[in-house]
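Novice: missing the sequence, but the structure's below:
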């Protein structure tokens with residue numbers, strides 16, 4: 001692949017030196033911009049977003065050491081090289097400590113200068129190649145919109161490919177935010193009926209009194225307010241797939257009616273004597289432990305066995321952290337397209353912050369974090385200060401007792417921390433965590449019981 005030329009900004013009040021640098025770089029793979037003072041240099045930096053900056057330490061208006069943090073605040077990924085005719089070890093150390101990439105003597109030693117610029121060009125080419133490889137990896141390690149290259153995800157992809165063409169019922173389990181609906185969509189698209197509709201039902205969002213009418217429909221006059229016939233979700237999905245999300249929230253009576261549909265492959269609208277045969281695939285999903293609910297008599301055992309003939313379990317993001325960088329790039333591309341931005345990536349320190357996080361909200365939480373950063377980033381590179389506050393503020397070291405908590409208990413601890421940071425706003429806390437308010441309420445109430 002052909003590497004794009006890198007842009008370099010030279011800020012120096014010595015006109016002859018500006019010309020010298022331009023002449024020296026004429027045959028390199030660079031595009032040069034120049035500025036005779038600090039103010040114009042900063043304005044040009046903000047406009048052109050150069051890959052590298054050659055910045056004179058002594059300028060007539062703003063010193064190079066004062067410009068350095070302003071430029072790095074605007075673009076943490078910029079390579080800034082300071083130049084001075086009065087070299088000292090102390091000032092060089094200060095410059096590097098404050099974020100400069102290098103520190104060169106004036107007049108510039110031409111062979112050394114060419115070597116340094118070629119190293120800068122090579123670094124840029126490696127980064128361009130790395131981004132190209134990341135794109136190739138995303139395309140290679142994506143199945144129907146699901147991204148991952150960890151052993152857990154490759155095993156999941158293989159299972160979805162084998163199950164997709166043949167399943168009649170399937171159960172998807174896993175923590176909130178792991179991508180259960182994406183798996184349901186993948187199963188549908190890989191099925192032999194992919195041209196038919198996929199109808200989604202969020203069981204936790206339907207009032208118990210409305211479950212039967214939503215799933216099976218009704219005829220006009222069946223009850224007060226039934227002014228016209230209504231088709232149910234199963235009829236709407238005839239020939240295709242019904243996705244029953246959060247099936248663990250269904251009441252026992254609704255479970256009994258669902259079991260009959262799965263066994264008989266028939267539906268009957270409320271108020272109608274007619275029975276209609278349907279041909280649908282059913283995918284159910286839950287973040288709850290259905291086996292525990294069965295033992296507690298809160299979920300029908302016969303329905304569980306009917307659904308779990310094929311069970312697909314999704315791993316937590318904390319169990320596949322090797323996928324983090326790939327997912328970050330994937331979401332960055334998505335938000336670049338949605339927001340019409342051209343963000344290049346994340347700084348190493350931002351990636352380190354994300355790598356340290358436990359991700360109780362899983363992939364959905366990561367997506368929300370990257371979306372937040374894309375909206376608030378003022379440069380072309382996402383840095384730590386672009387991340388949500390709860391990630392930026394260092395969390396105190398865990399106490400010994402916290403270190404012995406289970407994953408569920410740690411999730412509750414983290415949920416309370418986020419809730420405290422947003423001053424008790426549960427809607428905002430749920431959005432930050434990438435979970436529903438009902439799930440947040442469940443986390444908080446479980447801890448109080």
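Specialist: Received the coordinates, thanks. This one's a predicted model, so the numbers in the text were calculated from it and none came from an experiment. Numbers count the residues shown, from 1 in each chain.

Novice: can we go C-alpha only for contacts and neighbour counts from here?
Specialist: Fine.

Novice: Please enumerate the helices of the stretch 101-250 of the chain.
Specialist: Ranges of helices in the stretch 101-250 of the chain, per DSSP state H, counting those that start in this stretch, are 110-140, 151-163, 180-190, 211-216, 233-236.

Novice: The second one packs against which elements?
Specialist: I take that to be helix 151-163. On a contact count with 3 or more C-alpha pairs under 8 Å, 6 or more residues apart in numbering; DSSP states H and E, helix 151-163 meets helix 180-190.

Novice: What helices and strands are in contact with the helix it packs on?
Specialist: Against helix 180-190 (3+ C-alpha pairs under 8 Å, 6+ apart) you get helix 151-163, strand 169-173, strand 241-245, strand 281-286.

Novice: Now do the first one, average pLDDT.
Specialist: Which is helix 151-163. Across helix 151-163, the average pLDDT comes to 95.

Novice: just to revisit the earlier point, how about the helices and strands packed on helix 180-190 in JSON lines, adding mean neighbour count and distance to residue 427?
Specialist: Below are the helices and strands packed on helix 180-190 laid out as JSON lines (neighbours: other C-alpha atoms under 10 Å; distance: least, C-alpha to C-alpha, whole Å):
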{"stretch": "helix 151-163", "mean neighbour count": "16", "distance to residue 427": "31"}
{"stretch": "strand 169-173", "mean neighbour count": "23", "distance to residue 427": "25"}
{"stretch": "strand 241-245", "mean neighbour count": "26", "distance to residue 427": "21"}
{"stretch": "strand 281-286", "mean neighbour count": "24", "distance to residue 427": "21"}
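
Novice: which one of the ones you listed lies closest to residue 376?
Specialist: Each of those has some distance to residue 376 by C-alpha to C-alpha; the shortest is helix 151-163, at 31.0 Å.

Novice: And for that closest one, what's in contact with it?
Specialist: By C-alpha atoms under 8 Å, 6 or more residues apart in numbering, the residues outside helix 151-163 that reach it are 143, 148, 183, 186-187, 190, 310, 312, 314-315, 320.

Novice: For that helix, what is the distance to the chain centroid?
Specialist: Relative to its parent chain, helix 151-163 has a centroid offset of 21 Å by C-alpha atoms, centre = their mean, to the nearest Å.

Novice: between that helix and strand 169-173, how many degrees?
Specialist: 170 degrees (axes from the mean of the first three to the mean of the last three C-alpha atoms, to 10 degrees).

Novice: tell me the angle helix 151-163 makes with helix 180-190.
Specialist: Between the axes of helix 151-163 and helix 180-190, defined by the same axes, to 10 degrees, the angle is 40 degrees.

Novice: Please, where are all the helices along the stretch 251-400 of the chain?
Specialist: For the stretch 251-400 of the chain, applying DSSP H, counting those that start in this stretch gives helices covering 252-264, 290-295, 301-307, 324-339, 348-356, 362-376, 389-392, 400-403.

Novice: ok, and for the second one, which residues are buried?
Specialist: By 16 or more other C-alpha atoms under 10 Å, the buried positions in helix 290-295 come out as residue 290.

Novice: Would you mind pulling the contact partners of that helix?
Specialist: 248, 299-301, 304.

Novice: For the chain, give me the ranges with low pLDDT.
Specialist: 1-3, 87, 393-409, 420-424, 445-449 (pLDDT under 70).

Novice: Show me how it divides into domains.
Specialist: Using automatic domain parsing, the domain parsing of the chain gives 6-137, 144-313, 317-448.

Novice: so how many other residues sit close to residue 390?
Specialist: 16 (other C-alpha atoms under 10 Å).

Novice: The closest residue to it other than its chain neighbours - how many residues pack around it?
Specialist: The spatially closest residue to residue 390, leaving aside those adjacent along the chain, is residue 418, at 6.5 Å (C-alpha to C-alpha, 6 or more residues apart in numbering). A count of neighbours around residue 418, defined by other C-alpha under 10 Å, yields 22.

Novice: Residue 418 sits in which helix or strand?
Specialist: Element membership for residue 418, per DSSP states H and E: helix 407-421.

Novice: sorry, back to before: in a markdown table, list the helices and strands packed on helix 180-190 along with distance to residue 231.
Specialist: A markdown table is the format used below for the helices and strands packed on helix 180-190 (distance: least, C-alpha to C-alpha, whole Å):
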| stretch | distance to residue 231 |
| --- | --- |
| helix 151-163 | 29 |
| strand 169-173 | 22 |
| strand 241-245 | 14 |
| strand 281-286 | 18 |
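
Novice: and of those, who's closest to residue 196?
Specialist: Closest among the helices and strands packed on helix 180-190, using C-alpha to C-alpha: strand 241-245, at 7.7 Å.

Novice: Mind listing the strands the closest one pairs with, and their directions?
Specialist: Partner strands for strand 241-245, per DSSP bridges, with pairing direction: strand 198-202 (parallel), strand 281-286 (parallel).

Novice: distance between the longest one and the chain's centre?
Specialist: Right, strand 281-286. Distance of strand 281-286 from its chain centroid, counting by C-alpha atoms, centre = their mean, is 24 Å.

Novice: and if you look at the first one?
Specialist: How far strand 198-202 lies from its chain's middle: 23 Å, per C-alpha atoms, centre = their mean.

Novice: quick one: buried residues of that strand?
Specialist: In terms of neighbour count (16+ other C-alpha under 10 Å), strand 198-202 has its buried residues at 198-201.

Novice: and what of stretch 24-39?
Specialist: Using 16+ other C-alpha under 10 Å as the test for burial, stretch 24-39 gives 25, 29-30, 32-39.

Novice: With distance to residue 414 added, can I get the strands paired with strand 241-245 in CSV?
Specialist: Formatted as CSV, the strands paired with strand 241-245 follow (distance: least, C-alpha to C-alpha, whole Å):
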stretch, distance to residue 414
strand 198-202, 26
strand 281-286, 22
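
Novice: To residue 377, which of these lies closest?
Specialist: Nearest to residue 377 among those is strand 198-202 (34.0 Å), distances taken as C-alpha to C-alpha.

Novice: List the contacts of the residue nearest to residue 72 when sequence neighbours are not counted.
Specialist: Once flanking residues are discounted, residue 72 sits nearest to residue 78: 6.6 Å by C-alpha to C-alpha, 6+ apart. Going by C-alpha under 8 Å, 6+ apart, residue 78 touches 50-53, 71-72.

Novice: Between its first and last residues, how far does stretch 103-115 reach?
Specialist: Length of stretch 103-115, first residue to last, C-alpha to C-alpha, to the nearest Å: 14 Å.

Novice: got it, and stretch 29-43?
Specialist: End-to-end distance for stretch 29-43: 24 Å, by C-alpha to C-alpha.

Novice: Contact partners for the residue nearest the centre of the chain?
Specialist: For the chain, residue 367 is the residue whose C-alpha lies nearest the centre (C-alpha atoms, centre = their mean; 2.5 Å). Going by C-alpha under 8 Å, 6+ apart, residue 367 touches 328, 331.

Novice: From residue 354, how far off is it?
Specialist: Separation of residue 367 from residue 354 (C-alpha to C-alpha): 12 Å.
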